[in-house]
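> Structure for the following, please:
(one chain, ligands or ions: 1)
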Amino acid sequence: MASQDAKGIADALLNLDMDATVNQVKSVIHGGSDISLEDAVRALTTALETIGKRFQDGEWFIGELVYAGEIAKAAMDLLTPRLAAGATRRLGTIVVGTVAGDLHDLGKNIFISYATAAGFDIVDLGVDVPVQKFIDAARKRQPLAVGMSCLLTVTAGQVGEVIAALKHAGLRDSVKVIIGGAAMTQGFAEEVGADAFAPDAVTGTETLKGWSA
Ligand code: B1M
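All right, here's what the predicted structure looks like:
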């Protein structure tokens, strides 16, 4: 039964059915389903990964991807505040954004949902975030970590620039840096001096928890 409800959410997103996706997520929120809020996020994540593969395989085109992104965002916007409310402890503040020149935000938003559910307070800078905006937010919010999402190889250099600017601003020693997204790797993280690479949102959230302990 529980997995049927999760499958229902994933199928609704895969069918690009905004109403069905949102209604099923609302049902989870209002206790009309056997699955948890976290299961709903997992179902959306799985569907988005399938959608990404369909795009890469040439089965789906940009219009479908953009609309899938809008549906996923509508569902996440309903789930994230509930996940935050359910967290029992506050574990610290994380400044998160997608680097300048990059507009991808589905993975970043999923990472935000998982980290919020774990008890982190997220300052979401959005997409296409200039270096200075990361620095200003780090100075103002004094976060536990700065998180950058980057999916395009042409924008990967931005990650190193943010880290260099954190150093230049005298902030690097007081914040951790975590990076994720399709253009990022463990090797790249080491090259640019990030503290961690997160291959997925769950691993990234576990890394944050380790830093918060
Ligand atoms: Co784009 N795109 N895209 N795209 N897109 C990629 C990244 C690409 C690999 C597809 C391909 O060609 N094979 C390719 C990049 C190639 C490269 O640079 N080497 C590409 C391209 C080329 C482009 C455009 C240039 C296409 C065009 O216009 N010709 C354009 C660029 C626009 C721009 O940003 N300036 C573009 C546009 C788009 C859409 C708008 C259509 C859409 C984005 C919608 C949106 O985000 N709102 C889109 C999508 C959906 C994709 C793919 C197919 C799927 C990405 C995704 O959302 N996956 C992608 C292919 C791929 O990634 N392999 C592709 C699902 C998501 C849940 O996974 O983002 O990996 P992911 O996030 C994971 C982990 O990586 C991790 O946690 C998440 C959940 O576990 N994670 C973090 C991510 N960020 C994290 C941060 C953390 C921690 C964990 O800490 C801070």
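> what's the longest strand in the protein?
Ranked by residue count and defined by DSSP state E, the top strand of the chain is strand 92-98.
> Quickly run through the sheet partners of that one, with directions.
Looking at strand 92-98 with DSSP bridges, its partner strands are strand 120-124 (parallel), strand 145-149 (parallel).
> Which residues outside whichever helix in the chain runs longest are in contact with it?
Within the chain, and with DSSP state H defining each element, the longest helix by residue count is helix 62-86. When contacts are defined by C-beta atoms under 8 Å, 6 or more residues apart in numbering, helix 62-86 is touched by residues 9, 13, 16-18, 21-22, 25-26, 28-29, 37-38, 40-41, 44, 47-48, 51, 54-55, 105-106, 109-110, 112-113, 116-117. Quick note: C-beta positions are derived from backbone N, CA and C, even for glycine.
> How about stretch 6-18?
By C-beta under 8 Å, 6+ apart, the list of residues contacting stretch 6-18 from outside reads 20-21, 24-25, 28, 35, 39-40, 42-44, 46-48, 50-51, 64, 67-68, 70-72, 74-75.
> for that stretch, what is the average pLDDT?
Regarding stretch 6-18, the rounded mean pLDDT is 95.
> close to the ligand, is that stretch?
No - using C-beta under 6 Å from any ligand atom, no contact is recorded between stretch 6-18 and the ligand, whose separation bottoms out at 11.3 Å.
> for stretch 58-65, same thing?
Yes - for a cut-off given as C-beta under 6 Å from any ligand atom, stretch 58-65 has contacts with the ligand, namely 62, 65.
> And for stretch 97-113?
Yes - counting by C-beta under 6 Å from any ligand atom, the ligand has neighbours in stretch 97-113: 101-108, 110-111.
> Wasn't residue 164 part of a helix?
Yes - if the criterion is DSSP: H, G, I helix; E, B strand; the rest coil, then residue 164 is within a helix.
> what separates it from the ligand, distance-wise?
Computed with C-beta to the nearest ligand atom, to the nearest Å, the distance linking residue 164 and the ligand is 18 Å.
> so how far is residue 171 from that residue?
11 Å (C-beta to C-beta, to the nearest Å).
> neighbour count winner among the two?
Between residue 164 and residue 171, counted using other C-beta atoms under 10 Å, the more crowded position is residue 171 (17 against 14).
> neighbours of the closest residue to residue 166 other than its chain neighbours, just the number please.
The spatially closest residue to residue 166, leaving aside those adjacent along the chain, is residue 172, at 4.3 Å (C-beta to C-beta, 6 or more residues apart in numbering). For residue 172, the count of nearby residues is 18 (other C-beta under 10 Å).
> ok, residue 172 to residue 160 distance?
Here the criterion is C-beta to C-beta. By it, residue 172 lies 12 Å from residue 160.
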